[in-house]
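> Pasted the sequence and its predicted model underneath.
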Protein chains: 2
Amino acid sequence: MTAPLGSALRISVMRLSRRMRQERTEGLSASQVAALATMERQGPLSLGELAALERVQPPSMTRVVTGLVDAGLAERTPHPTDRRQVLVSVTESGRQLLAADRRRRDEWLAERLRELPQKDLEILRAAAPILDRLAGT
Amino acid sequence: MTAPLGSALRISVMRLSRRMRQERTEGLSASQVAALATMERQGPLSLGELAALERVQPPSMTRVVTGLVDAGLAERTPHPTDRRQVLVSVTESGRQLLAADRRRRDEWLAERLRELPQKDLEILRAAAPILDRLAGT
DNA sequence: TATTGTTATACTCTATAACTATA
DNA sequence: TATAGTTATAGAGTATAACAATA
């Protein structure tokens, strides 16, 4: 009896994610916002580590980071002991952009959530951590 | 009280959708699979209608469709009354590919669903249509 | 000699502009 | 003259290969 649920859930999740993705950030690509968010979450990282976390090759991440640095949202600093490595981190300006971005996205969803009955909200509240577990690590 | 739920739900949905997207189809781009699925769902469409539904420009859809036609998954037929238009539709081979693709994706999810307690499955079953309503039309 | 990041180059996907055929 | 689709061309984004600096 899990097959029909799987199918329905997959379609619902993909449809909602596509809709959410349309709520985009002006001036920055999705890869750039994602990289910036990872920097904020993880703290200073080497460029290679960031590339691995974002599942792109180092040359691609070099480009993404260069764009963020040029926009003043991230910065490169030398690694304290290994001078081959470059540490990348989010700047205060980048932090502000991420916060504004999250507010804006949450707002779109929150508006729709306000239209739902209390019972549905409780179901969603219970469902969120389960969806998380399905996504795995 | 809806803001924290909105944030949590957004992260969960996006994370799961990213994970689902990794279960890709060999040899076809995401746009091609999406266009093929729309053709199947809507029946024969003009190329322009399909481009509008998929939110891409007509020249982009020309390329996508050409790839699908070359692979034998879709076909172009002349419009019965307006010879400027081209109707595109999925072939039997395309239908089979879509079915196999769905089975494979469902399988990945179904496997993870089998590990969940009955209570969680019921929550997800109730949540799916609510997520759908959030996505809108 | 191995590793980290960058530069050089190419491929995919999508876009806009110009063109052809038809209405 | 307007519309549907295609072809020509350009711009993102990401990849692999070659290179420079450092371990």
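Good, I have the coordinates.

> Just the buried residues of the helix or strand hosting A:Lys119, please?
In this structure, A:Lys119 sits in helix A:118-135 according to DSSP states H and E. Neighbour-count burial for helix A:118-135 flags A:Asp120, A:Leu121, A:Ile123, A:Leu124, A:Arg125, A:Ala126, A:Ala127, A:Ala128, A:Ile130, A:Leu131, A:Leu134, A:Ala135 (criterion: 16 or more other Cβ atoms under 10 Å in any protein chain shown). (Each C-beta comes from the backbone N, C-alpha and C, glycine too.)

> Look at the closest residue to A:Asp132 other than its chain neighbours and report its pLDDT.
The shortest distance from A:Asp132 to any non-neighbouring residue, by Cβ to Cβ, 6 or more residues apart in numbering or on different chains, is to B:Ser12 (4.8 Å). Note for B:Ser12: predicted pLDDT of 89.

> Surely B:Ser12 is in contact with A:Arg125?
No. Using Cβ atoms under 8 Å, B:Ser12 is not in contact with A:Arg125; the gap is 10.9 Å.

> where's the most centrally placed residue in chain A relative to chain B, distance?
Nearest to the mean C-alpha position of chain A, by Cα atoms, centre = their mean, lies A:Ala34 at 4.3 Å. According to Cβ to the nearest Cβ, to the nearest Å, A:Ala34 and chain B sit 10 Å apart.

> Point me to the residue of chain A nearest DNA strand C.
As assessed by Cβ to the nearest atom of the strand, DNA strand C sits closest to A:Gly48 within chain A, at 2.5 Å.

> so that residue touches A:Gln85, yeah?
Yes. Using Cβ under 8 Å, A:Gly48 is in contact with A:Gln85, at 7.5 Å.

> Give me the common contacts of these two.
Common contact partners of A:Gly48 and A:Gln85 (Cβ atoms under 8 Å, 6 or more residues apart in numbering or on different chains): none.
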